[in-house]
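Novice: build the 3D model from these lines:
(one chain, ligands or ions: 1)
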Amino acid sequence: MDVDTTVEAIRSMEIRGAGRIARAGASALADYASKYEGDDPKEFMIGLMDAKSKILDSRPTAVSLWNGVHATLRGVENCGSVTDAKELIISNADRFNKGSLEAVRSIGEIGAKRIQDGDVILTHCNSSAALSVIKTAHRQGKKFRVYATESRPWRQGILTVNELAKEGIDITLIIDSAVRSVMKSVTKVFVGADTITSHGTLVNKIGTSQLALAANEARVQFYVCSETYKFSPMTLFGDMVTIEERDHDEVAKRDILEPSVKIFNPVFDSTPSKYIDGIITEVGLISPGSVYHVMTRQLGDDIFKLIGD
Ligand code: RUB
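Specialist: Okay, here's the model as predicted:
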C-alpha cells in the first residue's frame, strides 16, 4: 500500500490498533523506497521525509507508529547511494514488522501463564497483544471465560468478541458502563497499550482507566499487554502524550441534538502506574517502574539521536 493510501486507511480507522498502524507505517515507507525510480539522493530524501511526516501525522497518540517509522529509517542518513538507502529501508521495515508479530506471539506465551482454570477475564477494545494472551491460554486447554467491552463509539469490542468466539472461547459482550457491575466476578483484566510513558503510565483506549479503577477497588489483577516499541522515548525527556480527539459525529449525529449541545470525543485515556500489576512484554513480565530501564537498554545511545527528530 502506498503512503497516501496508508495514511488515509489509518485516519479512517480501516487500519487501527497500535501494532497494526506501526507495521502499516513501516510498510508504507518500504513501498516508497521500492517504487522510487530516480537516482538523486536529495530528491529521494525529500520524498522520504515528506512520507515520514504524513505517516506520523495520521494518528497522534500511539508511539508505536513513531517507533515503527524510526526503526525503518534507522541508518538511512549514512547510506552512500539511493540504492543502498532503498535496500536498508526495505530490510528495516521487514525486520520491524517480523519482530512486531513475533513480539505479539511471545506476549501470548508469557501472559498465558498468568491465566488459570476458572478465571474470569475482562478485556477492553480490541488489542492483538491482549487477545494473543487469551487465545494462547485457550489453545493450551485452560478453561476460563471472558467479558469484552463494546468500546464506544467505534465498537471495536465487536471485533474482539467475534475473534474470540471463532476460537471457541466463552465470550460475553458488555456495554462500557457495565464494567463495574461485572468486576465482582472478574479475576483478571488484560488490556493493550498505545503508549507507555517512561514512568509507567499507560495510554490506551478511552475507558481503560475506568477498568483499572474498578479492578483496583475489587482487588482484581490488572495486566497491560504491550510490545516494547509502545514505550515512549519522548516522555523520558518530559514530553506529554497527545490524546487524540476524533470527529463529533462518531458520538452522535448532529440532527438528533439541540444545536447548543457540545460533544467531546477523546479517544484514549491515561492509567497511572499504581493501578498496573504488570506489563507483559516480549522481553518478559515487568513492573511499570521498569519501563525506563527496558527502554534505555533497548535504544542505547540512539535514544538521544532520536529525540528532537
Ligand atoms: C485500539 C486500542 C488498543 C491498542 C493496542 O484503539 O486502544 O488497545 O491500540 O492494540 P483504536 P494492539 O481502535 O482507536 O486504534 O495490541 O493491537 O496493538
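
Novice: and Gly19, its phi and psi?
Specialist: Here is the backbone geometry of Gly19 (degrees, to the nearest 10): phi -70, psi -40.

Novice: show me the helices in the protein, by range?
Specialist: Using DSSP state H, the helices of the chain run over 3-11, 18-35, 41-58, 63-73, 82-112, 128-139, 157-166, 179-182, 208-217, 233-236, 291-299, 302-306.

Novice: the longest one vs helix 128-139, what angle?
Specialist: What separates the directions of helix 82-112 and helix 128-139 is an angle of 50 degrees, with axes from the mean of the first three to the mean of the last three C-alpha atoms, to 10 degrees.

Novice: next one: the second one
Specialist: Counting by the same axes, to 10 degrees, helix 18-35 points 120 degrees away from the direction of helix 128-139.

Novice: ok, back up a step: most packed of the helices of the chain?
Specialist: helix 63-73 (a mean of 25; mean count of other C-beta atoms under 10 Å). Every residue, glycine included, has its C-beta placed from N, CA and C.

Novice: other SSEs contacting that one?
Specialist: helix 18-35, helix 41-58, helix 82-112, helix 233-236 (3 or more C-beta pairs under 8 Å, 6 or more residues apart in numbering; DSSP states H and E).

Novice: if we use 7 Å, what do you get?
Specialist: Counting contacts by 3 or more C-beta pairs under 7 Å, 6 or more residues apart in numbering; DSSP states H and E, helix 63-73 packs against helix 18-35, helix 41-58, helix 82-112.

Novice: ok, and what's touching the first one?
Specialist: For helix 18-35, contacts defined as C-beta atoms under 7 Å, 6 or more residues apart in numbering pick out 1-3, 6, 10, 15, 47-48, 51, 55, 59, 62, 64-65, 67-69, 71-73, 86, 89-90, 93, 96-97, 100, 104, 128-129, 192-194, 227, 229-230.

Novice: ditto for the second one
Specialist: Counting by C-beta under 7 Å, 6+ apart, helix 41-58 makes contact with 3, 6-7, 10-11, 25, 28-29, 32, 36, 38, 65-66, 69, 73, 81-82, 85, all of which sit outside it.

Novice: can it be said to contact the ligand?
Specialist: No - counting by C-beta under 6 Å from any ligand atom, no contacts exist between helix 41-58 and the ligand, the nearest distance being 11.2 Å.

Novice: mind saving the C-alpha coords of that helix as CSV?
Specialist: Coordinates of each C-alpha in helix 41-58 appear next as CSV, following Å, rounded to 0.1, in the frame of the first residue of the first chain:
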residue,chain,number,x,y,z
PRO,A,41,19.7,11.2,-3.2
LYS,A,42,18.4,14.7,-2.4
GLU,A,43,15.1,14.1,-4.2
PHE,A,44,14.8,10.6,-2.6
MET,A,45,15.3,12.1,0.9
ILE,A,46,12.9,14.9,0.3
GLY,A,47,10.2,12.4,-0.7
LEU,A,48,11.1,10.2,2.2
MET,A,49,10.8,13.0,4.8
ASP,A,50,7.5,14.0,3.3
ALA,A,51,6.3,10.4,3.6
LYS,A,52,7.6,10.2,7.2
SER,A,53,5.7,13.4,8.3
LYS,A,54,2.5,12.4,6.6
ILE,A,55,2.6,8.9,8.3
LEU,A,56,3.4,10.4,11.7
ASP,A,57,0.5,12.9,11.4
SER,A,58,-2.0,10.2,10.6
